[in-house]
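Peer 1: got a predicted structure here, sequence first:
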Amino acid sequence: MRKPSRRYPFAAVILDMDGVMVDSEYQWLLAEKPFLRSLLGRWTIADHRKVVGLGVVDLYYHLVREYGLRLGREDFLDRCEALARVVYRRKVRLAPGLRVFLRDLHRRAVPSGLASSSPRTWVDMVLQRFRLRSLFRVVVTGDDAPGRTKPAPDLYLLAARRLKVRPQDCLAVEDSGFGVRAAKDAGMTCAGLRSGHNEEQDLSGADWEARGFRALSYGRLISRLKAA
């Protein structure tokens, strides 16, 4: 198992995608309102906040259970896939400082992983559009743990296993309450990322909050850990 080195306090860094790497949570909020209102008759910001961080399959069952959605699962997933192509290929923007952060990890020989509840096709759209695939040693998606996406810890545990590191030696970066819970239940240190679009999310379960990737730079991270 890889251990933290003198050049970095963690053996690996594992990032969520939606709301962390790209502003997709905000873009989904804009796109899903008319979509879900057409299916459910209503959909508010309060409803949206309850599902941030859920995988699309878990979202479907949540809507069936809590809102009485009658649309079939495959039809629902097909419609979400069509929306996703618009959101990820045309709408989302890369988080400021993300590329610099990932390149610094690469320079320090710290492997980075991606652990997202989203389907593989959605993650691939982002990685291809922004040419990020080479910066990640491991990519784990909701397709790798069907029925066990966040807030379950499975995706993070799988990412750590594929990176050949112990979960307790990893730093996870999350933007939602569900994601923080998944990372902490996996035994990882978790930074709750504030992006400007997730102020309503309860990140109190994280080890600390960071406003943007600059707050996770090597120097600031070392200062924070020394002060802890």
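Peer 2: Yep, that arrived.

Peer 1: would you map the helices across the protein?
Peer 2: With DSSP state H as the definition, the chain shows helices at residue ranges 24-40, 45-49, 56-67, 73-86, 98-107, 120-129, 154-163, 177-185, 218-227.

Peer 1: and of these, who's closest to Glu200?
Peer 2: Closest to Glu200 of those is helix 45-49 (CB to CB; 5.5 Å). Every residue, glycine included, has its C-beta placed from N, CA and C.

Peer 1: hang on, the earlier thing: nearest to Phe10, out of the helices of the chain?
Peer 2: helix 218-227 (8.6 Å).

Peer 1: mind giving me the packing neighbours of the closest one?
Peer 2: Other elements packing on helix 218-227 under the criterion 3 or more CB pairs under 8 Å, 6 or more residues apart in numbering; DSSP states H and E are absent; no helix or strand qualifies.

Peer 1: out of the helices of the chain, which is the most enclosed?
Peer 2: For the helices of the chain, average neighbour numbers computed from mean count of other CB atoms under 10 Å are highest in helix 177-185, which has a mean of 25.

Peer 1: what mean pLDDT does that one get?
Peer 2: Rounded to a whole number, the mean pLDDT of helix 177-185 is 96.

Peer 1: same question for stretch 62-82.
Peer 2: On average, the pLDDT along stretch 62-82 is 94.

Peer 1: quick one, what contacts the closest residue to Asp202 other than its chain neighbours?
Peer 2: On the basis of CB to CB, 6 or more residues apart in numbering, the spatially nearest residue to Asp202 that is not a chain neighbour turns out to be Gly177, at 4.6 Å. For Gly177, the contact set (CB atoms under 8 Å, 6 or more residues apart in numbering) comprises Val52, Gly53, Pro151, Gln201, Asp202, Leu203, Gly205.

Peer 1: kindly report the same for Phe10.
Peer 2: Pro4, Val110, Asp169, Cys170, Leu171, Thr189.

Peer 1: just the pLDDT for the fifth one.
Peer 2: In other words, Leu171. So, for Leu171, pLDDT stands at 97.

Peer 1: quick check: the gap between the residue lying closest to it once chain neighbours are set aside and Arg108.
Peer 2: In space, and not counting its chain neighbours, Leu171 is closest to Phe10: 4.3 Å by CB to CB, 6+ apart. Phe10 sits 10 Å away from Arg108 when distances are taken as CB to CB, to the nearest Å.

Peer 1: care to break the chain down by domain?
Peer 2: According to the domain assignment given by automatic domain parsing, the chain is divided into the following structural domains: 12-23+93-227, 25-91.

Peer 1: quick check: angle from the lowest-mean-pLDDT helix or strand in the chain to helix 98-107?
Peer 2: Taking mean pLDDT, DSSP states H and E as the measure, the chain has helix 218-227 as its least confident helix or strand, at a mean of 83. For helix 218-227 against helix 98-107, the angle by axes from the mean of the first three to the mean of the last three CA atoms, to 10 degrees is 70 degrees.
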